[in-house]
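>>> 3D, please:
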Amino acid sequence: FEKRTEVKTEEYIDMVEKKTGALIEASTKTGSLLGNGSEKEVSCLSEYGRLMGIAFQIQDDIIGIMGEKEKTGKPIGSDIQKGKWTFPIVKAYQNSNAQNKKIIKKTLSKDQESEEDTKKVIEIFKETEAIKISEKKSKDLVKEAKNNLKNISNSKAKDFLLELADFSIEREF
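This is a model prediction of the structure:
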């Protein structure tokens, strides 16, 4: 994606689903299989993991753009500087006018962005509400993931997964 000049939401979600979504899904599915879960439990926990992986990645994208170095270990806008098409960047691009689309494309395609370029793109995030849109998408995915746990018997493990879901969208940046 880093070499592309444009990425659509569906393409981004598909890519993240195959990476972070698949990783978390494999973890929750394996746990349910090792715990002798029923077919329905395995299915519900697999879907929980897939959705949580996507939500986690979107939240990580937000942190990679807006996070303070002291809290995240990365400078503000680090993903912009790396030319990454993250969910917030995709949304900012889609909701931008032609001039702002040019700024985003130009900034992402540069080998070395300046701090000024990064600040311009962050301003575009504010204008397009890309961060709010991204946060809402992440929260919606977490809600959907948690709904998959309704078919799982109450247990400490279920409580942990519910808490983990909430934590994933409450991470500070």
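>>> is it true that residue 129 touches residue 95?
Yes. If you go by C-beta atoms under 8 Å, residue 129 and residue 95 touch, sitting 7.4 Å apart. Glycine gets a C-beta too; all of them are placed from N, C-alpha and C.
>>> how about the helices in this protein?
Using DSSP state H, the helices found in the chain span residues 9-16, 22-34, 39-66, 69-72, 78-81, 87-94, 98-109, 115-128, 130-147, 156-170.
>>> Quick check: buried residues in the longest one?
Residues of helix 39-66 classed as buried: 41-42, 44-66 (neighbour count, 16 or more other C-beta atoms under 10 Å).
>>> Between helix 87-94 and that helix, find me the angle.
For helix 39-66 against helix 87-94, the angle by axes from the mean of the first three to the mean of the last three C-alpha atoms, to 10 degrees is 70 degrees.
>>> cool, and the first one?
The directions of helix 9-16 and helix 87-94 differ by 160 degrees, with the same axes, to 10 degrees as the criterion.
>>> Outside of helix 9-16 itself, list whatever touches it.
Residues from elsewhere that reach helix 9-16, judged by C-beta atoms under 8 Å, 6 or more residues apart in numbering: 1, 53, 54, 57, 58, 85, 86, 87, 90, 91, 94.
>>> So for it, what gets flagged as buried?
Quick answer for helix 9-16 (16+ other C-beta under 10 Å): 12, 13, 16.
>>> any idea how far the first one is from residue 71?
Residue 12 sits 25 Å away from residue 71, taking C-beta to C-beta, to the nearest Å as the criterion.
>>> thinking again about what came up before, in the contacts of helix 9-16, find the pair that's most separated.
Farthest pair in the contacts of helix 9-16 (C-beta to C-beta) is 53 and 94. Separation: 22.5 Å.
>>> Which residues are in contact with residue 135?
Counting by C-beta under 8 Å, 6+ apart, residue 135 has contacts 59, 62, 169.
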